[in-house]
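# Predicted structure and sequence below. I'll ask about it afterward.
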Amino acid sequence: MRDYVLSAETDDGRVELARVEGNHQRLRRHDFETVKAKRLHLEVLATNGSEEARVFEVRCYA
């Protein structure tokens, strides 16, 4: 994924955790303040040329 937005759905609404543009790495890590989330959302805005994006793993730690 070249461009994407990572957000969390909380009791107060959706909170953007990370917005990335121009990524070329296969592994990305994001640090942010602890959030009590019901769901995580990963919105792919663009790839590096592929017609599809693939996510193999998402890990979350408190």
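Thanks, I have the structure now. Please read these numbers as outputs of a predicted model, since none were measured by experiment.
# Skip the chain neighbours and tell me the closest residue to residue 4.
Once flanking residues are discounted, residue 4 sits nearest to residue 44: 5.1 Å by CB to CB, 6 or more residues apart in numbering. Just so you know, the C-beta spots here come from the backbone N, C-alpha and C atoms, and that holds for glycine as well.
# Just give me the neighbour total for that neighbour.
Number of residues near residue 44 (other CB atoms under 10 Å) recorded here: 14.
# Check residue 7 too.
19.
# I figured it hits residue 30, correct?
No. Counting by CB atoms under 8 Å, residue 7 does not reach residue 30; the two are 11.3 Å apart.
# what sits in contact with each of the two?
residue 17 (CB atoms under 8 Å, 6 or more residues apart in numbering).
# on that earlier part again, could you report the pLDDT at the residue nearest to residue 4?
Looking at residue 44, its pLDDT is 96.
# partners of the one helix or strand it maps to in the sheet?
If you go by DSSP states H and E, residue 44 is part of strand 39-46. When pairing is defined by DSSP bridges, strand 39-46 lines up against strand 3-10 (antiparallel).
# This completes my enquiry, with thanks.
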